[in-house]
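# Mind looking at a prediction? Sequence and model below.
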Amino acid sequence: MSHRRAVALMVLVTLLWSMAGVVSRHLDTAGSFEVTFWRSLFSALALSIALTLMRGPRLWRDLLHAPWPVWFSGVCWSVMATAFMLAITLTTVANVLVMMAIGPLITALSARVFLQHQLPIRTWVAIAMAGVGIGWMFGQEARTGLSLTGTLVALAIPLAAALNFTILQHVGHGRTDPAKPGHQDMLPALLIGAVLSSLYTVPFAYPFQASAHDLALLALLGSVQLALPCMLLVRLSRELPAPEIALLGLLEVVFGVSWAWLGAGENPGPNTLTGGALVLGALVANEALAMRATRLKQPPDRESVGHRSER
């Protein structure tokens, strides 16, 4: 997969992820734990169908004997899914996204410590610029809706995401051919995470109060907003470095503002527009420099060399 195509798919992942905030604001009666339970359960059902079609009956035979990275990633996915939906019902969407904005820095540090990745200066600069943009975008909103409990719950999201991206990167840079012995299929980790998240929250979700309207929206969140983009992310972890995945993930913040504007009538103010411009500028600059560096490393085309030699 080309770098450009991988980046385009990662942008699609963030676009799908960003639906959660605006959709959750249209729920009728479901409480925070019930929202998390139903979303994770529908995600588990969607993943069960998709992975059974992709892997066949051996998926279920191999699941319990999966290697430790699969289970470690599954626990990380479960923490991310549970903490996000709980936090978004305890505090403002802006506050949750502010906490998630520190994800690229934590991921970069995690990759540096555990994978010995040498990060280019442009990535550090882009992370800093994006962080400033996020802080500027949601500074006032976060102060007005600050919740200590919601903030602490939201903090678990970037921490779990950093560890998850790092382990996916570690496995993704290993042997990736399913036909070869030793290959570690990381897609089942998504199913493990969804099931664990459901088990975490089901005791607190009872008695169930979600309406049919709520269940339809939560089914949409579980399948389209969670299961599909996470499957794409596992594939992309073999193409993009962990810090770049986390950095591109900041687009979820920008898209989240757009969804809120289009779907909930929340007009972005000057701070939002300025912060969004900084985030987009950081991402575009980092990707442009990355593509330029990739082109410079590629050997010259044989045909063009032949034309030059004939001259």
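Good, I have the coordinates. Since this is a predicted model, take the numbers as computed values, not measurements.

# What are the boundaries of the strands in the stretch 1-150 of the chain?
Using DSSP state E, counting those that start in this stretch, the strands of the stretch 1-150 of the chain do not appear at all; there are none.

# where does it dip in pLDDT?
The model of the stretch 1-150 of the chain has pLDDT under 70 over residues 94, 137-147.

# Surely residue 124 touches residue 109?
No - contact between residue 124 and residue 109 fails when scored by C-beta atoms under 8 Å: they sit 10.6 Å apart. Every C-beta, even on glycine, is put in place using the N, C-alpha and C of the backbone.

# how far away is residue 78 from residue 70?
Per C-beta to C-beta, to the nearest Å, residue 78 is found 13 Å from residue 70.

# Identify the contacts common to the two.
Common neighbours of residue 78 and residue 70 are listed as residue 192 (criterion: C-beta atoms under 8 Å, 6 or more residues apart in numbering).

# residues contacting the most centrally placed residue in the chain?
Among the residues of the chain, the one closest to the centroid is residue 249, at 5.9 Å (C-alpha atoms, centre = their mean). Going by C-beta under 8 Å, 6+ apart, residue 249 touches 10, 13-14, 17, 100, 103-104, 161.

# try 10 Å
With contacts taken as C-beta atoms under 10 Å, 6 or more residues apart in numbering, residue 249 has the following neighbours: 10-11, 13-14, 17, 100-101, 103-104, 107, 158, 161, 165, 233.

# Check those residues and tell me the two furthest apart.
Using C-beta to C-beta, these reach their maximum pairwise distance at 11 and 158, which is 19.5 Å.

# Return the set of buried residues in the helix ranked longest in the chain.
Using DSSP state H, we find that the single longest helix of the chain is helix 270-297. Residues of helix 270-297 classed as buried: 272, 275-276, 278-279, 282-283, 286-287, 289-290 (neighbour count, 16 or more other C-beta atoms under 10 Å).

# Adding pLDDT, write the residues you listed out as JSON lines.
JSON lines is the format used below for the buried residues of helix 270-297 (pLDDT from 0 to 100):
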{"residue": "272", "pLDDT": "65"}
{"residue": "275", "pLDDT": "73"}
{"residue": "276", "pLDDT": "71"}
{"residue": "278", "pLDDT": "78"}
{"residue": "279", "pLDDT": "75"}
{"residue": "282", "pLDDT": "78"}
{"residue": "283", "pLDDT": "72"}
{"residue": "286", "pLDDT": "74"}
{"residue": "287", "pLDDT": "70"}
{"residue": "289", "pLDDT": "78"}
{"residue": "290", "pLDDT": "72"}
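
# Name the nearest of the residues you listed relative to residue 74.
Taking C-beta to C-beta as the measure, residue 283 is the one of these closest to residue 74, at 29.1 Å.

# who's in contact with the closest one?
Applying C-beta under 10 Å, 6+ apart to residue 283 gives the contacts 7, 11, 126, 129-130, 133, 244, 247-248, 250-251, 254.

# ok, of those residues, which come out buried?
7, 126, 129-130, 133, 244, 247-248, 250-251, 254.

# Now the two most distant members of those.
Taking C-beta to C-beta as the measure, these reach their widest spread between 7 and 133, a distance of 18.8 Å.

# just to revisit the earlier point, what touches both of residue 124 and residue 109?
Both residue 124 and residue 109 are in contact with residue 243, where contact means C-beta under 10 Å, 6+ apart.

# can you give me the helices in the stretch 1-150 of the chain?
Read by DSSP state H, counting those that start in this stretch, the stretch 1-150 of the chain holds these helices, from start to end of the chain: 3-17, 19-24, 32-55, 58-63, 68-90, 93-100, 103-115, 121-144, 148-172.

# Identify the residue spatially nearest to residue 108, adjacent ones excluded.
residue 243 (4.1 Å; C-beta to C-beta, 6 or more residues apart in numbering).

# now residue 239, what's its secondary structure?
Three-state assignment for residue 239 (DSSP: H, G, I helix; E, B strand; the rest coil): coil.

# Am I right that it is in contact with residue 248?
No - judged on C-beta atoms under 10 Å, residue 239 makes no contact with residue 248 at a distance of 11.7 Å.

# what is in contact with those two at once?
Taking C-beta under 10 Å, 6+ apart as the contact criterion, the common neighbours of residue 239 and residue 248 are 6-7, 9-10.
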